[in-house]
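Asks: With the input below, show me the fold.
(chains A and B, ligands or ions: 2)
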Amino acid sequence: MVFELTSILAMQGITKIYPNGLIANRDVDFMVEKGEIHALIGENGAGKTTLMKILFGAEQPERGTVHLRGEPINFSGPMEAIKAGIGMVYQHFMLVESMTVAENVVLGLEPCKWGLINIEEAQRRTLEISKQYNLNVDPKARIMDLSIGQKQKVEILKVLYRKAEILILDEPTAVLTPQETRELFVQLKEMKEKGITVIFISHKLKEIVELCDRLTVLRRGESVARASVAGITESEISKLMLGQEVQLGVEKESAKPGAPSLRVKNLIVRNDEGRNAVNDISFGVRNGEILGIAGVEGNGQTELAMAISGLTKYAAGIVEIAGKDIRGASVRGIRELGFSHIPEDRMTYGACAFAGVYENLISDRYYKKGYSKYGLLQSNHINSEGDELISGYYIKCRSGREPVLSLSGGNIQKVVVARECSAVPGVLLANQPTRGIDVMAAGFVRRKLIAMRDTGAAILLISADIDEVLEVSDSIIVMQNGKIAAYFSDATQATAEILGEYMLGLKTQTTEEIRRVFHE
Amino acid sequence: MNSRNIENLVNILKTLMAVVVSYAIAAVIIMLVSDMPQQAISSFSMGPFSTLRRFGNVIEGMIPIIFTGIGVSIMLSIRFFNLAVSGAFYMSAIIASAIALIPMSVGLHPIVGIFLGGITGAAICVLPALLKAKWGINEVVSALMFNFVATFIGSYILRFVLFDPMAGFMASRVFQDTVRLPLLIQGTRVHVGLILAGVVTVFAYIFLYHSKWGYSIRMTGMNKSFAIFSGIGVSWATIFATVIGGFIVGVGGASEMYGMFTRFQWTDLPTTGFDGVMVAAMARRNPALIPIAAFFLSYIRVGADIMARSSDVAQEIVAVIQAIIIMMIGAEALLAGLKKRAILKNSAKEVNV
Ligand SMILES: Nc1ncnc2c1ncn2[C@@H]1O[C@H](COP(=O)(O)OP(=O)(O)OP(=O)(O)O)[C@@H](O)[C@H]1O
Ligand SMILES: [Mg+2]
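Replies: Ligands and ions are numbered 1, 2, ... in the order given. Model (predicted):
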């Protein structure tokens, strides 16, 4: 590899071995030019996050050199990287849950007045950049009360506040809506004009084509390709990534819906401020049908999901699963009605980071027949079923005993999906099911959802990815401000544009039209 | 050797290293304060092995610590830091002593007493968990309060119920012979409680790592939100962990009475509860390692005792060593470098770097 003096950043021969002996980067070369938007792509577990953590000083490589503006550097920690003008948005958020948005944004670089932190100033500055970049969040809200999408925005605001010259964005768009993504891209392009360099990680090929100038591909820890994005197609990119052609889209027959297995009637869910986050909505999801919920993040989807799954209380209304009213039922009781849930936040709810993969795969069923007998866990059965799920869902790990903590983001997501889908639910609530999963595996998960529908499951799909909603759903509702703004009984009648108008509240259907989704 | 084994090995090494370093520091201190350092150090380190009787003292001392250590490990697995183990150990010893005064048949007597001791331990350890589940009361504070309550109730019972006016000192009446646990090793006071402790260790290991209850306890301890999401009853799991842990502590209190004493005469909480916390930390909550940690703790105590009697160094040196060990084990970073190097070498072979 020739050393390019003009590169603002040159990482050469990087080899990283994790403490458990896993080789995450193998002799990787990675060059970025000043003022470009450079995509770093590759399958789940290819080593993207690892390489960026090395650049950011959060991990130390075993071998290799890093040159920044032609100077060799060797960061021993993120603080040094930040001082050198590098900012990173982590794939899994690094926010202090009990503090407010503004406090998180200014953390470490607080505006001070007479030696004390000036909270008003922090809030003012946070509001200012959130306005400037159109990433709207309330500076005074506590992180723990925010949805995943809002947390993502806070993470981005945090690096913007630090005025980085090199921005590392590790899957920033995984939970953003198309509108928010578009806004972000406008901002990123503007920053590029100002000479800021951006390293962008995403599994959404469309975004790579739309946003980036050049790309580097990692495969199994090695850098295998570098290309200019101009003139390249999505399928060519996926071929570079996977070394083979893959089928990207999903095909499906039209649904043959039966009776509704999940019914929600006049449901009201209050959030912590006492506002009706879900405001009197009614709908039904029928067996053999995928009902997609489209909506801008923060319009009640999170609260709806939490209420249906028994994780929070609801103020009024009825939720029926398989014909049973779930009011007062325990989470286990609800699951035993045949309910499964892929949660939007995999690190909090979906997985136990310190437990092994096997242990994570049985959390909903460990007490059942076959998994335990006379109170003792049947490890033969648990492990062999675990191995089947690991290979069946393409979970990349060294063994089923490996703690989930040391899996890559997409692979952790696959663990959650594998558990919830293998429960063979009658009702599945899939909230951002393919978040952070690579193209091939995302196609797999979507086909899986459709296969489950074909065997009679009622699936409620919530996704910030409108293309996913359109592609997978049989019918669609739009949530806006805690209410249902529209119902499309045939998803093929909807387009991103049409949905967008309802999502932004520009249009609403009549009550009669919306009432059809209750399937009386 | 694979990397996982290296990790386990390093954890054990880390603990050993802590032991070695604290010993070295203790040796330095002894050399500073003593006029006969050689004598002191050798009686401190070799003394416990010099006679069967002394070695017996180590084993006797280890037995109750195993029980409390295991009990604490189970409770810590659900991140419930329950200091009520001290009070539980004490109260269960009193209840067992009361049972010991009632005439009963030979085989049955200790079984009844030990069982009721276990119930007592469970009842006390579950209280802070109940208060926390119901009203969110911090368990550290409530447990310390319960310890006071246990101390005063205990001395009340001793003074007014069990007291033997003929003894000439503050002690209960003499236990019935039927309650005594048989000796295990002649020439020492090592009793059948040792076997019981071994059984409890195996039970606890299987319970925590191979039973469905242990699974729910560990998952709740590691990520409560995940446990709730999965449908695990977390309040129930916490209560369950404290009941099982408390029961084991109580069994320890009762068997200590029946194995070692003929009267009850504790007027204050013994340190055995806190010893349990210490060995649980040393063993990183793994029941299988508790006996080793308990042996070590008992060994340095006996060593210090011998040293105090045969040299000019005071017994309090033990407290210093204990403190250093805890600090060293706490300092996880200590051997991180060592671990990494070993694993790297292992992986480097694969990549040929
Ligand atoms: N802390 C860790 N300890 C051990 N192994 C790790 C650790 N973090 C990551 N790995 C392993 O390193 C490899 C690369 O992980 P990395 O997170 O860099 O992947 P990625 O390309 O970001 O994937 P994704 O698209 O899923 O986020 C994976 O096989 C993962 O299991
Ligand atoms: Mg990643």
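Asks: Show me what the helix or strand of chain A with the lowest mean pLDDT pairs with in its sheet, parallel or antiparallel.
Replies: Sorted by mean pLDDT, DSSP states H and E, the helices and strands of chain A end with strand A:112-113, the least confident at a mean of 76. In the sheet, strand A:112-113 lines up against strand A:116-117 (antiparallel) (DSSP bridges).
Asks: Show residues contacting the strand it pairs with.
Replies: A:Val106, A:Glu110, A:Pro111 (C-beta atoms under 8 Å, 6 or more residues apart in numbering or on different chains). For every residue, glycine as well, the C-beta is placed using N, CA and C.
Asks: sorry, back to before: residues making contact with the least confident helix or strand of chain A?
Replies: Against strand A:112-113 from outside (C-beta under 8 Å, 6+ apart): A:Asn118, A:Glu121.
Asks: Where do the strands of the stretch 301-450 of chain A begin and end?
Replies: A:316-321, A:324-325, A:339-342, A:372-373, A:376-377, A:427-431 (DSSP state E, counting those that start in this stretch).
Asks: Name the helix or strand for residue 110, please.
Replies: Going with chain A. Following DSSP states H and E, there is no helix or strand that holds A:Glu110.
Asks: sorry, should have said chain B
Replies: Element membership of B:Pro110, judged by DSSP H and E, is helix B:108-135.
Asks: Give me the buried positions along that helix.
Replies: In terms of neighbour count (16 or more other C-beta atoms under 10 Å in any protein chain shown), helix B:108-135 has its buried residues at B:109-110, B:112-129, B:131-132.
Asks: again with stretch A:152-166
Replies: A:152-162, A:164-166.
Asks: rewinding a little: distance from the chain centre to the least confident helix or strand of chain A, please.
Replies: 36 Å (C-alpha atoms, centre = their mean, to the nearest Å).
Asks: again, but for stretch B:206-224
Replies: Offset of stretch B:206-224 from its chain centre (C-alpha atoms, centre = their mean): 20 Å.
Asks: I'd like to know if that stretch reaches chain A anywhere along the stretch.
Replies: Yes - Stretch B:206-224 reaches chain A (C-beta under 8 Å from any C-beta of the partner chain) through B:Ile206, B:His210, B:Ser211, B:Lys212, B:Trp213, B:Tyr215, B:Ser216, B:Arg218, B:Met219, B:Met222, B:Asn223.
Asks: now, among those, which is nearest to A:Arg516?
Replies: B:Asn223 (40.8 Å; C-beta to C-beta).
Asks: Was I right to think the closest one contacts A:Cys352?
Replies: Yes - B:Asn223 lies in contact with A:Cys352 (C-beta atoms under 8 Å); the separation is 4.3 Å.
Asks: hmm, back to that, give me the buried entries from the contacts of strand A:116-117.
Replies: For these, buried by 16+ other C-beta under 10 Å: A:Val106, A:Glu110.
Asks: any chance of the contacts of strand A:116-117 in a markdown table, with pLDDT and distance to A:Gln123 too?
Replies: Putting the contacts of strand A:116-117 into a markdown table (pLDDT from 0 to 100; distance: C-beta to C-beta, whole Å) gives the following:
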| residue | pLDDT | distance to A:Gln123 |
| --- | --- | --- |
| A:Val106 | 86 | 9 |
| A:Glu110 | 79 | 12 |
| A:Pro111 | 79 | 10 |
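Asks: May I see the contacts of strand A:116-117 arranged in TSV, with distance to B:Thr188 as well?
Replies: Below are these laid out as TSV (distance: C-beta to C-beta, whole Å):
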residue	distance to B:Thr188
A:Val106	66
A:Glu110	64
A:Pro111	70
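Asks: Which parts of chain A belong to which domain?
Replies: A:3-242, A:257-338+A:459-520 (automatic domain parsing).
Asks: near chain A, anything from the helix holding B:Pro110?
Replies: No - contact of helix B:108-135 with chain A (C-beta under 8 Å from any C-beta) is absent, the minimum separation being 14.7 Å.
Asks: Let me see the contact set for the residue of the stretch 201-350 of chain A at minimum distance from ligand 2.
Replies: Nearest residue of the stretch 201-350 of chain A to ligand 2: A:Ile201, at 6.8 Å (C-beta to the ion). The contact partners of A:Ile201, taken as C-beta under 8 Å, 6+ apart, are A:Ala39, A:Leu40, A:Ile41, A:Lys48, A:Thr49, A:Met52, A:Gln91, A:Ile168, A:Leu169, A:Asp170, A:Glu171.
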